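Chemist: sequence unavailable; structure follows:
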C-alpha cells in the first residue's frame, strides 16, 4: 500500500530521514518507535505530505505522492491523521468537527453527514458529547473525537502521531481501546507511539528508528524478545527501566 | 449655544445638500463607512499575503506595509490628491481621493492586525485542517480565520475608530465633511469657537463610542459561541517513555 523508496529528508543541515526504503502492506498495523528526534514523526508526516522530502519516492497504491502535479487535497482526504495535540477545532462543536470535511469536500448532505458523524462518535463512545465544545472534554475524549473526525472521511489508511503522549496516564487506555477497534476492522494503521503494550498486542510489525534510519524491522515478539541492533536493545532497556542508564 | 445649534444644525448634518453636494456629518459617516467596508477586505488580503509561504507574494506586500506605515496619513492624502491625477491624467475629486487614501492607509494597518491574528492561532489548527484535505483557502476560511477573528476584534475596533477620526483630515483637501463644515460655521459666527469645536468633538465622540459599544456586543456574541482559550489547552504532556504496563 505504502512504499518508501530511498527517501531522504533534510532540515537545513540536519539529515532527518536517511535512505528510507520500506513497504507497508494493506491491512497491516505498523508501530514506529525510537528515541525522540529519531525521525519517526517526520516519517509518518511524509506519508500525507505534511513534510516534504528531498529525494526518493513514496508511493501510495502505486501513485507517487510527492510529485508536484498530484491532487494534494484529494490524497490527504483519503488518509486519516491523528495528532499528538488532538487539534480539534475549538470554535466548532464536536459534531461540527466531524462533519466539516465530509460536507466541504465530499459534498455530503449535512443531514447525512450528521448521521454518519453521530455513528462514528457512538463508536468512540462519545455520541452524548456531540453538541459539546472541544474545551469541555477531557484530553482522552478530545483524542477520541479527533479519531472520529479522521474516520468521517472513510480513509483506508490511518496515521497516528504519538496519539497518547499528551494524555494523562489514566486516559491512555480509552484511546488505545478505540485504536484496537480499528485494528479489528482490518484498517491499515501506522502508529508512532511509545505504548509498547499496544505494539506487542496489536502490531503486525515494529519499525525501530534512530537518527533518521530504520535500524530494525521485526514482528513484535521478535523485537521485544530478541532485538538485533544494539541501539534497539539500549532503547528497550531504557524504556523498561527509565532511570537505570543515567550515570 | 442653543441659537447656534438652531441656526446651523442642518448645515452641520448634511452641508449644502440638497441645494449643493452632500457634506457635514452625513458625508463623514458615509466616508467612514465606505472606508471601513473597503479597507477590511484589503487588509484581509494584505494580511494573508504577509503570512504567505511564497516570497514573491510576501515581500512586495511587506515592503508596502513598511512604506505606508512609515509615513503620516496626511502625506498619503497629498499623494492621492496631487500625484494620482498626474498619473491617471484626470483630477480625482476630493471624496474619492480621501477614500483611496483611507483604504490604503487603514488596509495596511488592518493587514498587520490580521497577520497577528493568524499567527496567534496554533499551527496545529492549520495542519489539522490541511490533513483532512481542506485546501489553503478553506482551511483559512473555515478553521483559522474564525479563531483569529476573536483575538483580532479589539484591535480591529481600535482601527475602525481611528478611521472615523481620520476622515477629519479630508478638511485639508477641502472635502466638506463635518470638520470642514464646523470650521465654516466658526468663520461665520466668529465669536463662538469654543462651542463650535466642543460640539464637533462631541459628535466624533458619539460616533466612536457608539462603534465601541457595538463591538463589545459583537465580542460577547463571539464569546458565547467560542469558549475562551484558557480552558481549551490539552492536558500536560506525560513522560513519553512510559514503561510497558
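Modeler: That came through, no problem. Note that the structure is a prediction, hence the values are computed from the model and not measured.

Chemist: need phi/psi at the most centrally placed residue in chain B.
Modeler: Nearest to the mean C-alpha position of chain B, counting by C-alpha atoms, centre = their mean, stands residue B:160 at 3.9 Å. Phi and psi for residue B:160, reported as degrees, to the nearest 10, are phi -60, psi -40.

Chemist: surely it and residue B:36 touch.
Modeler: Yes: with contacts counted by C-beta atoms under 8 Å, residue B:160 reaches residue B:36, the gap being 5.6 Å. For the C-beta atoms, the positions are set from N, CA and C on the backbone; glycine is no exception.

Chemist: so how far is chain A from the residue nearest to the centre of chain B?
Modeler: Noted for residue B:160: a distance of 22 Å to chain A, by C-beta to the nearest C-beta, to the nearest Å.

Chemist: for the chain, which helix is longest?
Modeler: Unless you meant another one, I'm taking chain A. Taking DSSP state H as the criterion, chain A has its longest helix at helix A:169-184.

Chemist: that's the wrong chain, I meant chain B
Modeler: Looking across chain B with DSSP H, the single longest helix is helix B:193-225.

Chemist: so for that one, what's the average pLDDT?
Modeler: For helix B:193-225, mean pLDDT is 88.

Chemist: what is the host helix or strand of residue A:232 packed up against?
Modeler: If you go by DSSP states H and E, residue A:232 is part of helix A:230-240. With contacts taken as 3 or more C-beta pairs under 8 Å, 6 or more residues apart in numbering or on different chains; DSSP states H and E, helix A:230-240 sits against strand A:205-210, strand A:213-218.

Chemist: what pairs with the first one, parallel or antiparallel?
Modeler: Just to be clear, that refers to strand A:205-210. Using DSSP bridges, the strands paired with strand A:205-210 in its sheet are strand A:29-33 (parallel), strand A:213-218 (antiparallel).

Chemist: now do the buried residues in the longest helix of chain B.
Modeler: Using 16 or more other C-beta atoms under 10 Å in any protein chain shown as the test for burial, helix B:193-225 gives B:195, B:196, B:199, B:200, B:203, B:204, B:207, B:208, B:211, B:215.

Chemist: looking at chain A, which residue is nearest chain B?
Modeler: The minimum distance from chain A to chain B, using C-beta to the nearest C-beta, falls at residue A:77 (2.8 Å).

Chemist: who's in contact with the closest residue to that residue other than its chain neighbours?
Modeler: Computed as C-beta to C-beta, 6 or more residues apart in numbering or on different chains, the closest residue to residue A:77 that is not its neighbour in sequence is residue B:133, at 2.8 Å. Shown here is residue B:133, whose contacts under the criterion C-beta atoms under 8 Å, 6 or more residues apart in numbering or on different chains are A:73, A:74, A:75, A:76, A:77, A:78, A:101, A:105, A:153.

Chemist: what number of residues lie near the first one?
Modeler: To tie it back to what came earlier, the one meant is residue A:73. The tally of other residues near residue A:73 (other C-beta atoms under 10 Å in any protein chain shown) stands at 17.

Chemist: now swap in residue A:198 and tell me
Modeler: If we define neighbours as other C-beta under 10 Å, then residue A:198 has 25 of them.

Chemist: ok, it touching residue A:182?
Modeler: No: assessed by C-beta under 8 Å, residue A:198 is found out of contact with residue A:182, at 11.8 Å.

Chemist: so where's chain B shaky on pLDDT?
Modeler: Scanning chain B for pLDDT under 70 picks out B:224-245.

Chemist: which stretches of it form helices?
Modeler: According to DSSP H, chain B carries its helices in the segments B:2-14, B:24-50, B:55-69, B:73-78, B:84-88, B:94-119, B:123-131, B:136-138, B:145-166, B:178-189, B:193-225.

Chemist: chain A too?
Modeler: Under DSSP H, chain A gives helices at A:40-47, A:72-77, A:94-101, A:110-123, A:139-151, A:169-184, A:196-202, A:220-225, A:230-240.

Chemist: mind listing what's buried in the fourth one?
Modeler: Pointing back at helix A:110-123 there. Quick answer for helix A:110-123 (16+ other C-beta under 10 Å): A:113, A:114, A:116, A:117, A:118, A:120, A:121, A:123.

Chemist: need the contact list for residue 61.
Modeler: You didn't say which chain, so I picked chain A. By C-beta under 8 Å, 6+ apart, the contact set of residue A:61 is residue A:1.

Chemist: oops, chain B please
Modeler: The contact partners of residue B:61, by C-beta under 8 Å, 6+ apart, come to B:46, B:49, B:50, B:111.

Chemist: hmm, 10 Å instead?
Modeler: By C-beta atoms under 10 Å, 6 or more residues apart in numbering or on different chains, the contact set of residue B:61 is B:45, B:46, B:47, B:48, B:49, B:50, B:51, B:52, B:108, B:111, B:115.

Chemist: any idea how far residue B:197 is from residue B:207?
Modeler: 16 Å (C-beta to C-beta, to the nearest Å).

Chemist: in JSON lines, list the helices and strands packed on helix A:230-240 along with distance to residue A:37, mean neighbour count and mean pLDDT.
Modeler: Shown next, in JSON lines, are these (distance: least, C-beta to C-beta, whole Å; neighbours: other C-beta atoms under 10 Å in any protein chain shown; pLDDT from 0 to 100):
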{"stretch": "strand A:205-210", "distance to residue A:37": "9", "mean neighbour count": "23", "mean pLDDT": "96"}
{"stretch": "strand A:213-218", "distance to residue A:37": "12", "mean neighbour count": "19", "mean pLDDT": "95"}
